[in-house]
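**Student:** Sharing a model that was predicted from the sequence below.
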Amino acid sequence: MKRMTRRAVCAGLVAVPAAAAMPESAAALEVVENSAATVPEPVAGDIIDRIFAVVARHDGVTAELMRSPERNRLAVDARRKAMYLSYQMSRKSLPEIGRRLGGRDHTTVLHAIRVFDARAQTDTAFEAELQYLALQADPRADELIAANAERVRRLTEHTSRMALEKIF
């Protein structure tokens with residue numbers, strides 16, 4: 001749950017009821033304090049928010065942990081899944097996805113895409129898990145992924161070619 005602070009409200013991370021936005025009494029302040037503890041994670045909204053919420057719920061982590069600089073295996077895997085699915089299903093750029101997932105650099109997102117694309121090609125159970133998460137985030141996931149398939153192919157092909165040029 002997000003703590004209601006001025007910064008969180010301005011960033012849109014915490015929903016504030018219109019009546020409680022400008023508290024004029026002690027009762028209104030109490031409503032604001034109580035509502036901060038009951039604000040659910042975003043499920044509606046744009047595709048990246050939905051992917052983020054679905055992955056966090058599936059992997060049993062909090063949104064704060066996924067956005068944090070924490071580097072334990074659980075946080076890293078959940079964060080990478082969200083990055084990979086966000087790139088596959090949205091038309092957002094690598095820097096935009098990185099900003100939305102805790103201010104990460106675009107190369108971090110690129111690395112997550114490379115790693116998970118290679119893993120999905122070799123591990124059918126992992127590919128099925130990613131497909132399940134994509135469908136949970138958006139029922140039209142197949143259409144979105146198909147629309148972005150060429151974009152993902154070009155990215156992974158370009159990076160594979162660059163890696164081969166470094167080796168030889």
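**Tutor:** Happy to help now that I have it.
**Student:** Please work out how many residues are found near the closest residue to residue 84 other than its chain neighbours.
**Tutor:** Closest residue to residue 84 in three dimensions, ignoring its sequence neighbours and counting by CB to CB, 6 or more residues apart in numbering: residue 116, at 4.1 Å. Where you see a C-beta, it was placed from the backbone N, CA and C, and this is true even at glycine. By other CB atoms under 10 Å, the residues close to residue 116 number 21.
**Student:** My read is that residue 116 contacts residue 133, right?
**Tutor:** No: under the criterion of CB atoms under 8 Å, residue 116 makes no contact with residue 133, lying 11.3 Å away.
**Student:** tell me, what's touching those two both at once?
**Tutor:** residue 81 (CB atoms under 8 Å, 6 or more residues apart in numbering).
**Student:** so what pLDDT did residue 114 get?
**Tutor:** For residue 114, the pLDDT comes out at 91.
**Student:** Wait, it touches residue 156, no?
**Tutor:** Yes: the criterion here is CB under 8 Å, and residue 114 meets it with residue 156 at 6.6 Å.
**Student:** In this structure, where is pLDDT below threshold?
**Tutor:** 1-45, 158-168 (pLDDT under 70).
**Student:** hmm, back to that, tell me which element the residue nearest to residue 84 is part of?
**Tutor:** Residue 116 belongs to helix 106-122 when elements are defined using DSSP states H and E.
**Student:** where does residue 131 fall, helix, sheet strand or coil?
**Tutor:** Following DSSP: H, G, I helix; E, B strand; the rest coil, the label given to residue 131 is helix.
**Student:** Spatially nearest residue to it, not counting backbone neighbours?
**Tutor:** residue 141 (7.5 Å).
**Student:** what about the one you found, neighbour count?
**Tutor:** With other CB under 10 Å as criterion, residue 141 counts 21.
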